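In: Sharing a sequence plus its predicted fold:
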Amino acid sequence: MSFNKEDLLVNIKRQAKRLSKLLTIPLGQAQEGVSICLYGCDSYSDLLVKIKAESFDNPLVALSALSPNSEIFLVKILASHLDGIIGNFAKKFPGSNINEEMVVSLFGLSFSEFKLKIST
């Protein structure tokens, strides 16, 4: 796990690309969606400012470090906010039927891997 700014930015870009493919939407729209729905930021540029300023006052911004090899506490942050995140995506992308498995996949985790990690 790394909280290096560049690593976090790479993770966010990967998440946006996954969302873009998942919903078949343009990358720019996916970047805004990830920023607003996943991280609770006002926009993609707002998320970038927070990452570059290392402003982790919002615990969801810490999820930018979440990847398959992450510490368990990041997986548990995601688990505790999953319902709200799904609700945010449903508002931003009506009819997309975003579910837990889809959100978890944005982080490069399989749903079974996620379930196993939160059960420990």
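Out: Perfect, thanks for sending it.

In: Please report the distance of L82 from L74.
Out: 13 Å (CB to CB, to the nearest Å). No exception for glycine: its C-beta is placed from N, CA and C like everyone else's.

In: which residues sit in contact with the nearest residue to K91 once chain neighbours are set aside?
Out: What sits nearest to K91 in space, not counting adjacent residues and going by CB to CB, 6 or more residues apart in numbering, is C37, at 7.8 Å. Each residue near C37 by CB atoms under 8 Å, 6 or more residues apart in numbering is listed here: I85, N88, F89, K91, K92, F93.

In: Looking at L82 and L74, which one has more neighbours?
Out: Here L82 and L74 are compared on neighbour count by other CB atoms under 10 Å; more neighbours surround L74, at 19 against 16.

In: which residues touch the host helix or strand of that one?
Out: Element membership for L74, per DSSP states H and E: helix 72-92. For helix 72-92, the external contacting residues (CB under 8 Å, 6+ apart) are 1, 33, 36-38, 40, 59-60, 62-63, 65-66, 96, 98-100, 103-104, 107, 109, 114, 117-118, 120.
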